[in-house]
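**Student:** with the input below, show me the fold.
(chains A and B)
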Amino acid sequence: MNSRHNGPLALRALALTVSALLGTVSSFIILSGAEAILRGHDLALLGAVWNPAARQFGILTMIQASLVLSLSSLCVGFCVSLGCCCMLNGLAPHVVAKVLMGALTLMTAIPTVVYGFAAVFLLVPLIRGALGGTGFCWLAAGLLLALQGVPTMTFIMHGAVRSIASETRFTAAALGVTPRQHLSCIVLPLSNRAMLQAAILGLGRAVGDALLPTMLAGNAIRFAHSPLDSVRTLTAHISLVLSSDIGGGEHFSLLLAGALLLAFCAVVSLTARRLTRR
Amino acid sequence: MKTLKKLSAVFAFFALTSAGWGAPLDAFKGLEGKLDIAGGTAHIPVMTQAARDIMTFNPKIRITVAGGGSGVGVKQVGEGLAQIGNTGRPLKPAEVEKFGLKTFPFAIDGVALAVHPANPVKALTKEQVVAIYTGKITDWKELSGIPGAIDVYGREDGSGTRETFQGKLMGKTEQMPSVNTVNSNGAMKTAIAQDARAIGYVGIGHLDSTIAGVAIDGHVPSQENAAKGEYPVVRDLFMNTKGEPTGLTAAFIDYIYSEPGAKIIEKSGYIPLPKPAK
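**Tutor:** Residues are numbered from 1 along each chain as shown, chains lettered A, B, ... in the order given. The predicted model follows:
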């Protein structure tokens, strides 16, 4: 067969191994989730009440918290990233763009725990003082998740925008299009695929992050009604319960939470693929 | 000449420290085999650290540490599935009789209710604590403190600190679901130290100047009071064996009672107890 598409044998073997590993992990997680549902049918796993003393291990509140938290942080993060991307591509003076680029690169190197720690001491008291509540809430975790996702999303957008801009710049200029019109009317619409890709990646990171929600969202087990409510996400639930190694209903709720997270990310990324293909 | 001196100083330091740590571990020389430990979750940090030290000293020894709670501890050791079964409560006479268990109390686990140092409320009754954690009292002015909502913090399910708090103060009453949850004594301290309206609980060993302990029914929480039995929110932590321990099991228990063992216990936030006379 043509080796151009298949690549060297070693690479193919590596790719196969990695795919097999991924497949094993995914099927293991999904199977454990199914097992949890089947064997824990009397534990109200998908209910809204978490009360281990009464053998109720519902994770519905956490599913809701994961969804609202990740989607809201994606909205904020995506807008900021889009803004950053435009700044990098001609909307800001060269010096500003350079500084911004440096700052974003630096941000990727900062571990998440540092963001979380800084927010516990800076953002949480600020929210508590200005808006009330404990400060450990949906808002605090959402803002930090958004901030954490900005560099990755910006770089994905920036890569696509820059290459499309350089391809179309002279044609656009020859047609009398100003640089700003060029960016907003030609380049951005043409790079919608990268935008979607950035959003998917951002959403995946926001829904999958365990550290920031555990540190900042408050972890109370209830539905989120206002951004000042303390909420517990699926990931935070996993990290909180895992630390104490208990069997039974708690354990089943973890398996189900893991399977749901994986399923959610898989569905989102498959949908995105579908959308970009058309 | 100078470097030689420095080098010899370093060697002397290592020789001294290794001798200091080596002595109690010498009991494990020549031993091998497997030791299974199960039961109380509060014991886990002490057990795993001790296991790590021992396995590093003698890699032929394998020690596993599992949780499960006090009930599981009794059952596993009684049925011979584990050599040491940990409990956070004294054994019941029926359990001792049925399985022929021998018990070794090795630490006191005390839990202190804590508030921000600036909070004038420094004493509460048991009933008030229950009312706070069930949402019946929501404002500090009801406790003649500075008016403001009470920010209630708790620990995750399965935490030994929460178990003691629940067992000794809340009894059968379940806490409200909207309690903010943190996953370690350290995180609890940070939360309380930052929040003037906070109330939470920590292991007594974690009380310091950043947070203020709250007296319960007039009993001030401190290591001394806990050791003297004058503070009520305490429990002993026990290791239990089936019959008189021998070999590796006996060596492990002796290590917990040794000086490095006591250090591990203190580091985990508990008060070490001396080995009971036979």
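**Student:** got a list of what the nearest residue to A:Val207 once chain neighbours are set aside touches?
**Tutor:** Distances taken as C-beta to C-beta, 6 or more residues apart in numbering or on different chains place A:Ser70 nearest to A:Val207, at 3.9 Å, with adjacent residues excluded. C-beta here means a position set from N, CA and C on the backbone, and glycine is covered the same way. Counting by C-beta atoms under 8 Å, 6 or more residues apart in numbering or on different chains, A:Ser70 makes contact with A:145, A:203, A:206-207, A:233.
**Student:** what about residue 127, how many residues nearby?
**Tutor:** Just so you know, I chose chain A. Residues within reach of A:Ile127, counting by other C-beta atoms under 10 Å in any protein chain shown, total 22.
**Student:** my bad, the chain I had in mind was chain B
**Tutor:** Other residues close to B:Glu127 by other C-beta under 10 Å number 11.
**Student:** one step back: name the element the residue nearest to A:Val207 belongs to?
**Tutor:** Using DSSP states H and E, A:Ser70 falls within helix A:60-86.
**Student:** what comes up buried for that helix?
**Tutor:** For helix A:60-86, burial by neighbour count (16 or more other C-beta atoms under 10 Å in any protein chain shown) applies to A:61-66, A:68-70, A:72-74, A:76-78, A:80-82, A:84-86.
**Student:** tell me if B:Pro117 really is in a strand.
**Tutor:** No - secondary structure of B:Pro117 (DSSP: H, G, I helix; E, B strand; the rest coil): coil, not part of a strand.
**Student:** isn't it right up against B:Thr210?
**Tutor:** Yes - B:Pro117 is in contact with B:Thr210 according to C-beta atoms under 8 Å; the separation is 7.2 Å.
**Student:** what about the strands in the stretch 151-278 of chain B?
**Tutor:** B:151-155, B:180-182, B:198-203, B:212-216, B:234-242, B:271-272 (DSSP state E, counting those that start in this stretch).
**Student:** dump the ones you listed into a markdown table; add distance to B:Lys228, mean neighbour count and mean pLDDT as well.
**Tutor:** As requested, the strands of the stretch 151-278 of chain B are exported to a markdown table (distance: least, C-beta to C-beta, whole Å; neighbours: other C-beta atoms under 10 Å in any protein chain shown; pLDDT from 0 to 100):
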| stretch | distance to B:Lys228 | mean neighbour count | mean pLDDT |
| --- | --- | --- | --- |
| strand B:151-155 | 26 | 25 | 93 |
| strand B:180-182 | 29 | 25 | 91 |
| strand B:198-203 | 18 | 26 | 92 |
| strand B:212-216 | 15 | 20 | 93 |
| strand B:234-242 | 10 | 23 | 91 |
| strand B:271-272 | 11 | 20 | 90 |
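**Student:** let me have these in a markdown table, adding distance to chain A as columns.
**Tutor:** Converted to a markdown table, the strands of the stretch 151-278 of chain B look like this (distance: least, C-beta to the nearest C-beta, whole Å):
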| stretch | distance to chain A |
| --- | --- |
| strand B:151-155 | 4 |
| strand B:180-182 | 4 |
| strand B:198-203 | 8 |
| strand B:212-216 | 18 |
| strand B:234-242 | 15 |
| strand B:271-272 | 22 |
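**Student:** mind checking the SS state of the nearest residue to B:Thr164 once chain neighbours are set aside?
**Tutor:** With sequence-adjacent residues excluded and distances taken as C-beta to C-beta, 6+ apart, B:Thr164 is closest to B:Val111, at 4.5 Å. Per three-state DSSP, the local secondary structure of B:Val111 is strand.
**Student:** quick one, what contacts B:Val111?
**Tutor:** B:161, B:164-165, B:168, B:201-204, B:233-234.
**Student:** what do you get for B:Ile256?
**Tutor:** So, once contact is read as C-beta under 8 Å, 6+ apart, B:Ile256 ends up touching B:46, B:50, B:104, B:106, B:239, B:264-265.
**Student:** of all the residues in the stretch 1-150 of chain A, which ones are close to chain B?
**Tutor:** Proximity of the stretch 1-150 of chain A to chain B, by C-beta under 8 Å from any C-beta of the partner chain, involves residues A:50-53, A:120-121, A:124-125, A:128, A:132-136.
**Student:** tell me the helices and strands packed up against the host helix or strand of B:Gly73.
**Tutor:** For B:Gly73, the element it lies in under DSSP H and E is helix B:70-78. Under the contact criterion of 3 or more C-beta pairs under 8 Å, 6 or more residues apart in numbering or on different chains; DSSP states H and E, helix B:70-78 touches strand B:33-39, strand B:84-87, helix B:93-99, strand B:101-115, strand B:234-242.
**Student:** pretty sure B:Phe57 sits against B:Ala23.
**Tutor:** No - taking C-beta under 8 Å as the definition, B:Phe57 is not a contact partner of B:Ala23, at 11.2 Å.
**Student:** any idea how far B:Ile44 is from the residue of the stretch 1-150 of chain A at minimum distance from chain B?
**Tutor:** Going by C-beta to the nearest C-beta, chain B is nearest to A:Thr134 of the stretch 1-150 of chain A, at 4.2 Å. Look at A:Thr134 and B:Ile44: by C-beta to C-beta, to the nearest Å, they are 29 Å apart.
**Student:** over to A:Tyr115?
**Tutor:** Distance from A:Tyr115 to B:Ile44, by C-beta to C-beta: 29 Å.
**Student:** how many other residues sit next to the residue in chain B that chain A sits nearest to?
**Tutor:** In chain B, the residue that lies nearest chain A is B:Gly158 (2.9 Å; C-beta to the nearest C-beta). Residues lying near B:Gly158 (other C-beta under 10 Å) number 20.
**Student:** got a pLDDT number for B:Phe13?
**Tutor:** B:Phe13 carries a pLDDT value of 49.
**Student:** over to B:Ile54?
**Tutor:** For B:Ile54, the model assigns a pLDDT of 92.
**Student:** that one sits in which helix or strand?
**Tutor:** helix B:44-57.
**Student:** next, count neighbours for A:Leu16.
**Tutor:** 10.
**Student:** what separation do you get for it and A:Ala10?
**Tutor:** For A:Leu16 relative to A:Ala10 (C-beta to C-beta), the value is 11 Å.
**Student:** just A:Leu43 next, same as before
**Tutor:** For A:Leu43, the distance to A:Ala10 equals 48 Å [C-beta to C-beta].
**Student:** who's more crowded, these two?
**Tutor:** Using other C-beta under 10 Å as the criterion, A:Leu43 and A:Ala10 rank with A:Leu43 on top: 21 against 8.
**Student:** can you pull the contacts of the residue of the stretch 1-150 of chain A closest to chain B?
**Tutor:** A:124, A:128, A:218, A:230, B:151, B:153, B:180, B:195, B:197-198.
**Student:** hmm, try it at 10 Å
**Tutor:** A:124, A:127-128, A:140, A:218, A:220, A:228-230, B:149-153, B:180, B:191, B:194-195, B:197-198 (C-beta atoms under 10 Å, 6 or more residues apart in numbering or on different chains).
**Student:** ok, now A:Leu144?
**Tutor:** By C-beta under 10 Å, 6+ apart, A:Leu144 lies in contact with A:73, A:112, A:115-116, A:118-120, A:123-124, A:209, A:211-213, A:215-217.
**Student:** now rank those by neighbours and give me the top one.
**Tutor:** Greatest neighbour count in the contacts of A:Leu144, by other C-beta under 10 Å, goes to A:Pro213: 33 neighbours.
**Student:** wait, a helix at that residue?
**Tutor:** Yes - according to three-state DSSP, A:Pro213 belongs to a helix.
**Student:** quick one: contacts for it?
**Tutor:** A:62, A:65-66, A:69-70, A:73, A:116, A:138, A:140-142, A:144-145, A:206-207, A:219, A:231-237, A:239.
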